[in-house]
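Peer 1: Build me a model:
(chains A and B)
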Amino acid sequence: MEVVMAVVIGGLYAAGVYMVLRRSIVKLILGLALLGNAANLLIFTVGRLTRGRPPIVPEGALQPPAPVADPLPQALILTAIVIGFGVLAFAMVLVHSAYRAVGRDDLDSLRSTDTLDPTPEDEVSPP
Amino acid sequence: MTLLLILPMLIPLLTAVALLYCWPWRRAQRLVSLAGATGLLAASLALLRVVLRDGIQAAQMGDWPAPFGITLVADVFSGVMVSLAGLMGFAVAVYSLGSLDEERESFGYYPLLHILLMGVCGAFLTGDIFNLYVWFEVMLISSFVLLALGGERAQMEGAIKYVTLNLFASALFLAAIGILYGVAGTLNLAELTRRLPEVAQPGMVTALAALLLVAFGIKAAIFPLFFWLPASYHTPPVAVSAIFAGLLTKVGVYALIRVFTLLFTHDVGFTHTLILALAGLTMVTGVLGALAQNEFRRILAFHIISQIGYMIMGLGLYSPLALAGSVFYITHHIIVKTNLFLISGIARRLGGSYRLDRLGGLYLARPALAVLFIISAFSLAGIPPLSGFFAKLSLVVAGLEAGGYAIVATALGVSLLTLLSMAKIWTEAFWKDAPQPLPAAGTDAGMRRLLLPAALLAGLTLCLGLGAEAMFAIATRAGEQLMDPAEYVRAVLKE
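Peer 2: Just a heads-up that it's a prediction; the model follows:
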């Protein structure tokens, strides 16, 4: 099982990095989502995969019988999924308003803040 | 004591909630924001005082004993950083009153500012690496919105680069946390300090160190991971630039210093030498980038990168004096850099531009502003008796003691270039004749709210320089605690 998960995680990372390197801003965001999911699966897998052994303490015992699934990685992933969801929702809105401001879905057209030319904001007269 | 550790997060949170209730009333928002910022400043200074008096403070959230629950820890380094966050929060909250446009004020600027402060303070105080990730995200998401708020084209362009690279860093950080848990079985920093040396795979630990170096390196803007910073820091309103410049990259530096003094000290020859090399390259690229620029805020943005190099240099040298130098440098840098951004905003208000060729005559028209600028600029370059001189001096002495002549030479050379580009701003914006007549003094009623925080921070820079002995004692204490994690571990695990 670990081998399958390792291949899946590797594939997700590769796809994520590839998408981030594309010129389209939409694909960039999709790539970031893939990277986040790859990290979540990675946490899941390195936290040891144990099937069908929930960490439930039987009545009268102080701890569950030996091989049990570790609940902590799942708690971490749950937190990370919620955070990732929020951040991604924001990123979508940002892409949308960037598209409205720039008019193109192309990262190469977002150069004006990196060049030595003055930013457009600077042409505005003082308030 | 538990309460004092929680207050730096609780006050900004409650302030933000109260601000959301005041959404339709701008005047109420301003008052609540100012009250919240004052409260945070008071709480953070009280925490620093307790830490200096009674040693490292730790609190277990929900009374779950460490290492199972989430721990909050304040050592001297955390205490200094939280106090600086409170101080910058206060200065920028006052400055915002005079500098922000109505639109941004009524679309949630103040609540976001306080959420940002909460994230920053949380990151400084947490003793759990996953919790650190969560605070990073709190800080990032509010900084994303602050950066994009207003929706100008330049802001959008800057925000996309900033968001992408920071999310990428977060994904790496998260992966590193997962592997760290798989290797060591805990996420509590103190417990990790004890367990990591016993891990059977030293190669894996070094790989983890490299992964976290990249993740925090992107957030701290070290060479060669800094490209998001000069692309975005000059795009938002100046109050936002100032708080970003003061605090955000420093959270990355804090995280680097924290993990590379607590967790990854098994292979100092490799990891810390790498950090030292990166420090030198960061200094040089930052300052060269600044020399090429002709805009007030862009020059300052590149100088942040250059200065990050000095902070990392102390970590790379890895001795008590060097780390004390780093802590001193961070303190000095946060105050001076925020102030320079605040002054750039005042200069734009007077001259109508951030471009140096359009500014001029500020020295003649506003000598007081010129004095504030010269204090901060000379301090940044490291002219005695200002704070930057003592910060650099301790780093240079630590470098010479460790035999790192190359890094010392780099640091001194970069100081000269820093002075050169500060002189460029001085001759262009302050000394040369004004290209257009400046507004007469006393016509702008909001100006006092802008000058007050700038004067406060310039005064602090002077105090840090003239009373360097007191600050250096605190920094030395912080450096000793960082070099000897035993005290930290004892305070958290209560043994």
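Peer 1: who's in contact with B:N188?
Peer 2: If a contact means C-beta atoms under 8 Å, 6 or more residues apart in numbering or on different chains, then B:N188 has B:66-67, B:71, B:127-129, B:492 as its contacts. C-betas here are computed from N, CA, C, even on glycine.
Peer 1: Quick one: list the elements packing against whichever strand or helix holds B:V371.
Peer 2: Of the helices and strands defined by DSSP states H and E, B:V371 is found in helix B:367-381. Secondary-structure packing of helix B:367-381 (3 or more C-beta pairs under 8 Å, 6 or more residues apart in numbering or on different chains; DSSP states H and E): helix B:320-351, helix B:362-365, helix B:387-401, helix B:405-425, helix B:447-466.
Peer 1: Let's have the contacts of B:N188 in JSON lines, adding neighbour count.
Peer 2: Output for these, formatted as JSON lines (neighbours: other C-beta atoms under 10 Å in any protein chain shown):
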{"residue": "B:A66", "neighbour count": "24"}
{"residue": "B:P67", "neighbour count": "22"}
{"residue": "B:T71", "neighbour count": "26"}
{"residue": "B:G127", "neighbour count": "31"}
{"residue": "B:D128", "neighbour count": "25"}
{"residue": "B:I129", "neighbour count": "23"}
{"residue": "B:V492", "neighbour count": "24"}
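Peer 1: I'd like to know which of those residues are part of helices.
Peer 2: Of the positions in the contacts of B:N188, B:129, B:492 sit in helices, assigned by DSSP state H.
Peer 1: Any idea which of the contacts of B:N188 the model trusts least?
Peer 2: In terms of pLDDT, the least confident member of the contacts of B:N188 is B:A66, at 80.
Peer 1: That residue contacts B:E191, doesn't it?
Peer 2: Yes: using C-beta atoms under 8 Å, B:A66 makes contact with B:E191 at a distance of 7.0 Å.
Peer 1: Now do the shared contacts for these two.
Peer 2: Contact with both B:A66 and B:E191 is made by residues B:492-493, according to C-beta under 8 Å, 6+ apart.
Peer 1: The helix holding B:V371 to helix B:320-351, inter-axis angle?
Peer 2: 150 degrees (axes from the mean of the first three to the mean of the last three C-alpha atoms, to 10 degrees).
Peer 1: Helix B:367-381: which residues count as buried?
Peer 2: B:369-370, B:372-381 (16 or more other C-beta atoms under 10 Å in any protein chain shown).
Peer 1: Other residues contacting it?
Peer 2: Looking at helix B:367-381 with C-beta under 8 Å, 6+ apart, the contacting residues turn out to be B:303, B:307, B:332-333, B:336-337, B:339-340, B:343, B:346-347, B:350, B:362-363, B:386-389, B:415, B:418-419, B:422, B:425-426, B:430, B:451, B:454-455, B:457-458, B:461-462, B:465.
Peer 1: That one: how far from the chain's middle?
Peer 2: Using C-alpha atoms, centre = their mean, to the nearest Å, the distance from the centre of helix B:367-381 to the centre of the chain it belongs to is 20 Å.
Peer 1: Spatially, which residue comes closest to B:T126, not counting chain neighbours?
Peer 2: In this structure, B:T126 finds its nearest non-sequential neighbour in B:L132, 5.2 Å apart by C-beta to C-beta, 6 or more residues apart in numbering or on different chains.
Peer 1: And B:V489, by the same measure?
Peer 2: With C-beta to C-beta, 6+ apart, the residue lying closest to B:V489 is B:A190, at 4.5 Å.
Peer 1: so what pLDDT did the one you found get?
Peer 2: On the pLDDT scale, B:A190 is placed at 92.
Peer 1: CA atoms only for the host helix or strand of it - export them in CSV, please.
Peer 2: Using DSSP H and E, B:A190 maps to helix B:189-195. In CSV, the C-alpha atoms belonging to helix B:189-195 read as follows (Å, rounded to 0.1, in the frame of the first residue of the first chain):
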residue,chain,number,x,y,z
LEU,B,189,9.5,21.6,19.5
ALA,B,190,10.9,20.8,23.0
GLU,B,191,10.2,17.1,22.6
LEU,B,192,11.6,17.1,19.1
THR,B,193,14.8,18.7,20.4
ARG,B,194,15.2,15.6,22.7
ARG,B,195,14.2,13.0,20.1
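Peer 1: Now tell me what touches it from outside.
Peer 2: Against helix B:189-195 from outside (C-beta under 8 Å, 6+ apart): B:66-67, B:71, B:73, B:127-129, B:180, B:184-186, B:258-259, B:262-263, B:485, B:488-489, B:491-493.
Peer 1: Past that helix, which element shows up next along the chain?
Peer 2: Next in sequence after helix B:189-195, counting helices and strands by DSSP H and E, comes helix B:202-220.
Peer 1: For the residue lying farthest from the centre of chain A, grab phi and psi.
Peer 2: Of all residues in chain A, A:G60 sits farthest from the chain's C-alpha centroid, using C-alpha atoms, centre = their mean; the distance is 41.9 Å. A:G60 has phi and psi values of phi 90, psi -20 when expressed as degrees, to the nearest 10.
Peer 1: Just the pLDDT at it, thanks.
Peer 2: For A:G60, the pLDDT comes out at 86.
Peer 1: export the helix or strand of chain B with the lowest mean pLDDT as PDB, just CAs?
Peer 2: Evaluated with mean pLDDT, DSSP states H and E, the helix-and-strand set of chain B has its lowest mean pLDDT in helix B:102-106, which scores a mean of 82. Extracted C-alpha coordinates of helix B:102-106, given in PDB (Å, rounded to 0.1, in the frame of the first residue of the first chain):
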ATOM      1  CA  GLU B 102     -11.900  56.000   2.900                       C
ATOM      2  CA  GLU B 103     -12.500  53.100   0.600                       C
ATOM      3  CA  ARG B 104      -9.900  50.800   2.100                       C
ATOM      4  CA  GLU B 105     -11.000  51.900   5.600                       C
ATOM      5  CA  SER B 106     -14.500  50.900   5.000                       C
END
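Peer 1: in it, what counts as buried?
Peer 2: B:104-105.
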